[in-house]
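Chemist: sequence first, then the predicted structure, then my questions.
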Amino acid sequence: METVWICTVPNEANSSAKASLESIKRATSDATKTFDFYPLDIPELAHGTLDSLIALSDELHKLGPSVENMVKKVERQYFDIQEAAGKKASPLKVQEKTVDAYLHHWEWDFARYQHQGKKLGDIVNQIAAQSSTADEELKKMLAVHADKGATLAAWQRKKTVNLGTSDFEDFLTAEQVKGTEVLDNDHLLTLMVSMPKHSEADFLDNYCGSDSNSGGWKSLQSIASYGAASDRDSLKGSPVVPGSAKLVVEVDGQVMYAVTILRGHTLPGRMDDCTSVFTPGAAVDYVEPTKKAFKEYRITARVFSMHADERSLGVDGQVAKAQAEWNTSASTIARWNAAHFGDILSAFMHLKVIAAYVESVLRYGVPVDLCSTIVIPLPACSVEALATLTDAVMDVRPQLAHDAVLEEEDDDDGHLAYVLQTFSVCRGVGEIAAA
């Protein structure tokens, strides 16, 4: 940020603005240099009535901070987005110039801000609308960019694979899927079961629900019914097909096997002797009880499901796709900020010039005959610069002294005998670079 002042004093009779400025410069020549003068030519603006000027002055005090914040927002977003993208950001410019060069040779933009035959309030409203429109556009782009970032972060998190919870597309390749027989019919279903590597041997010994005295997972043995049709539940056993376990993948101390299970059985139907209506028997499901039984032994069983489009990309492909979309969005925002920074900063400067003009008319009256200049105090010299400038103005315009209400410790421009607009301007280099 750079401190900028706009100073206006009335010209003496038969004296030009250039002569008045030279007089002020000569009055500061013996003092230690604490600031630089730059020319400021304010065109003849339609100032309107006293009431309209007072109302406009109040409006300018409210609008100024809003437009200033918009300039800061555009600059900050530009450098933040470039930093996040890992790119070196070029300094922002105004009308193809650096901010310093723009301020040192400031001119009214007659093409954008037509002032002839136009009320000052209309120009101010134009600037307000310009800033508001830019703010809305930036908010929409940032919202879309945030969504892109959330998608990218979600895919990056999926690179930390958990075989029990991650989508199958995250860790299985097309070749692995092709080499695994997956059944899904009326009678048989393939489940993918995952577990820590240290549980693999126990699983291979017991996944069929062995009923040997040496051990076995008893929960599986009570799921399937193998008895005669008249009494199916007389013989219980495991629904898992013996010898069906096939290793699918091993990732970071985890293993996944494919096992085939019976889907279930159907109970006998019943014929009503009175109505001769046949009622089909109910279906008994084995799938959910099998999942539950595996869960007791810290094994996750899931039905296999994989989308062809995501399978072709895999998690790495999805990360690359999301990253490319994020990069495109970031580049769009960076270009937008670079293009609009100059426009919004120019609008802000025109607003401050209008504010200086309005305060000058209210302070000095009409006809309007002003010497105006841009003053840029040197860093850390604001207090000394204000004292030097005030002494110089009072020296060349002593008639203003009786209007002064000066307090030695107070440098508020509202207490000065002349008009001094003080504000800060973004230099287009970012806070880090500026520091």
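Modeler: It's in. Residues are numbered from 1 along each chain as shown.

Chemist: which parts of the stretch 151-300 of the chain are strands?
Modeler: Here the stretch 151-300 of the chain has its strands, by DSSP state E, counting those that start in this stretch, at 188-196, 224-225, 236-237, 246-251, 254-262, 264-266, 270-271, 278-279, 283-285, 300-303.

Chemist: any buried residues in stretch 371-391, and which?
Modeler: Within stretch 371-391, the residues that qualify as buried are 371-377, 382, 384-386, 388-390, counting by 16 or more other C-beta atoms under 10 Å. Quick note: C-beta positions are derived from backbone N, CA and C, even for glycine.

Chemist: what of stretch 46-55?
Modeler: In stretch 46-55, counting by 16+ other C-beta under 10 Å, buried: 47, 53.

Chemist: from start to finish, how long is it in a straight line?
Modeler: Start to finish, the residues bounding stretch 46-55 are 15 Å apart (C-alpha to C-alpha, to the nearest Å).

Chemist: tell me the one of the buried residues of stretch 371-391 nearest residue 186?
Modeler: residue 376 (84.4 Å; C-beta to C-beta).

Chemist: residues contacting the nearest residue to the closest one once chain neighbours are set aside?
Modeler: Once flanking residues are discounted, residue 376 sits nearest to residue 36: 5.2 Å by C-beta to C-beta, 6 or more residues apart in numbering. Contacts for residue 36 (C-beta atoms under 8 Å, 6 or more residues apart in numbering) come out as 375-376, 378.

Chemist: can you check residue 322 too?
Modeler: 148, 151-152, 155.

Chemist: setting the sequence-adjacent residues aside, check what's closest to it.
Modeler: residue 152 (4.1 Å).

Chemist: any idea how far the one you found is from residue 319?
Modeler: Per C-beta to C-beta, to the nearest Å, residue 152 is found 7 Å from residue 319.

Chemist: likewise for residue 99?
Modeler: Here residue 99 is placed at a distance of 39 Å from residue 319 (C-beta to C-beta).

Chemist: what about those two, which has more around it?
Modeler: Per other C-beta atoms under 10 Å, whichever of residue 99 and residue 319 has more neighbours is residue 99, with 23 against 19.

Chemist: just the C-alpha atoms of stretch 377-393, please, in PDB.
Modeler: Only the C-alpha atoms of stretch 377-393 are listed here, as PDB (Å, rounded to 0.1, in the frame of the first residue of the first chain):
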ATOM      1  CA  PRO A 377       4.800  11.300   1.300                       C
ATOM      2  CA  LEU A 378       8.000   9.200   1.600                       C
ATOM      3  CA  PRO A 379       7.600   6.100   3.700                       C
ATOM      4  CA  ALA A 380       7.500   6.700   7.500                       C
ATOM      5  CA  CYS A 381       7.500  10.500   6.900                       C
ATOM      6  CA  SER A 382       3.800  11.200   6.900                       C
ATOM      7  CA  VAL A 383       3.900  13.400  10.100                       C
ATOM      8  CA  GLU A 384       6.800  15.500   8.900                       C
ATOM      9  CA  ALA A 385       5.400  15.700   5.400                       C
ATOM     10  CA  LEU A 386       2.100  17.000   6.600                       C
ATOM     11  CA  ALA A 387       3.800  19.700   8.700                       C
ATOM     12  CA  THR A 388       6.000  20.800   5.800                       C
ATOM     13  CA  LEU A 389       3.100  20.900   3.300                       C
ATOM     14  CA  THR A 390       0.900  22.800   5.700                       C
ATOM     15  CA  ASP A 391       3.600  25.400   6.400                       C
ATOM     16  CA  ALA A 392       4.100  25.800   2.700                       C
ATOM     17  CA  VAL A 393       0.400  26.300   1.900                       C
END
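
Chemist: contacts for it?
Modeler: Under C-beta under 8 Å, 6+ apart, the answer for stretch 377-393 is 3, 5, 7, 9, 24-25, 27-28, 31-36, 375, 400, 406, 411, 416-418, 420.

Chemist: check for me that the residue nearest to residue 376 belongs to a helix.
Modeler: No. Going by DSSP: H, G, I helix; E, B strand; the rest coil, the assignment for residue 36 is strand, not a helix.

Chemist: residue 11 and residue 371 touch, don't they?
Modeler: Yes. Between residue 11 and residue 371 a contact is recorded at 5.4 Å, counting by C-beta atoms under 8 Å.

Chemist: what do these two both touch?
Modeler: Jointly contacting residue 11 and residue 371 under the rule C-beta under 8 Å, 6+ apart are 17, 20.

Chemist: is the spatially closest residue to residue 248 that is not a sequence neighbour bridged to anything, and to what?
Modeler: Leaving out its chain neighbours, the residue that sits closest to residue 248 by C-beta to C-beta, 6+ apart is residue 256, at 4.7 Å. On the basis of DSSP bridges, residue 256 takes part in beta bridges with residue 194, residue 249.

Chemist: which one of the strands of the stretch 151-300 of the chain lies nearest to residue 425?
Modeler: Closest among the strands of the stretch 151-300 of the chain, using C-beta to C-beta: strand 246-251, at 55.4 Å.

Chemist: if we can go back for a sec, so who does the residue nearest to residue 248 touch?
Modeler: Contacts for residue 256 (C-beta under 8 Å, 6+ apart) come out as 163, 192-194, 247-250.

Chemist: and of the strands of the stretch 151-300 of the chain, who's closest to residue 108?
Modeler: strand 246-251 (66.9 Å).

Chemist: what's that closest one packed up against?
Modeler: On a contact count with 3 or more C-beta pairs under 8 Å, 6 or more residues apart in numbering; DSSP states H and E, strand 246-251 meets strand 254-262.

Chemist: find me the pLDDT at the closest residue in space to residue 95 that isn't next to it in sequence, would you?
Modeler: With C-beta to C-beta, 6+ apart as the criterion, residue 95 has its nearest non-adjacent residue at 5.9 Å, and that residue is residue 342. pLDDT, residue 342: 92.
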